[in-house]
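*Asks:* prediction below, plus the sequence it came from.
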Amino acid sequence: MKSQIQIENLKCGGCAATIKKGLLALDGVTEIEIDIEKSIVSIASEKENLEEIKLKLSKLGYPEVGDANTIVHKAKSFVSCAVGRMDS
């Protein structure tokens, strides 16, 4: 199964690194591609787990466009971004 999700709060390679690490930890997810300019995450998964993927993105601070993008999401994405930059 391949899916594309447009997300909020994606700013840089640090964000992308955190998203990749978080999503690859999910069971069944095999590949992640991230288009930073368009804020699109492409996911390849062996399972039908799109809702689980969207929930994980939201928990990391990157909700799907159209979902609630609260101050909490923005704060989480700021932390995720910083952590991703330190890891890369």
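*Replies:* Sure, I can see it.
*Asks:* only C-alpha atoms for contact and neighbour calcs from this point on.
*Replies:* Fine.
*Asks:* now what about the longest helix seen in the chain, what contacts it?
*Replies:* Secondary structure of the chain per DSSP state H: the longest helix is helix 71-87. Residues from elsewhere that reach helix 71-87, judged by C-alpha atoms under 8 Å, 6 or more residues apart in numbering: 9-18, 58-63.
*Asks:* ok, now how distant is the residue lying closest to Met1 once chain neighbours are set aside from Cys81?
*Replies:* In space, not counting the residues next to it along the chain, Met1 is nearest to Ser45; the distance is 5.3 Å by C-alpha to C-alpha, 6 or more residues apart in numbering. Applying C-alpha to C-alpha, to the nearest Å, the value for Ser45 to Cys81 is 24 Å.
*Asks:* just the ones of the contacts of helix 71-87 in helices?
*Replies:* Within the contacts of helix 71-87, membership in helices is found for 13-18, 58-60, as judged by DSSP H.
*Asks:* what's the burial count for Ser77?
*Replies:* One way to gauge burial is a neighbour count; for Ser77, by other C-alpha atoms under 10 Å, it gives 26.
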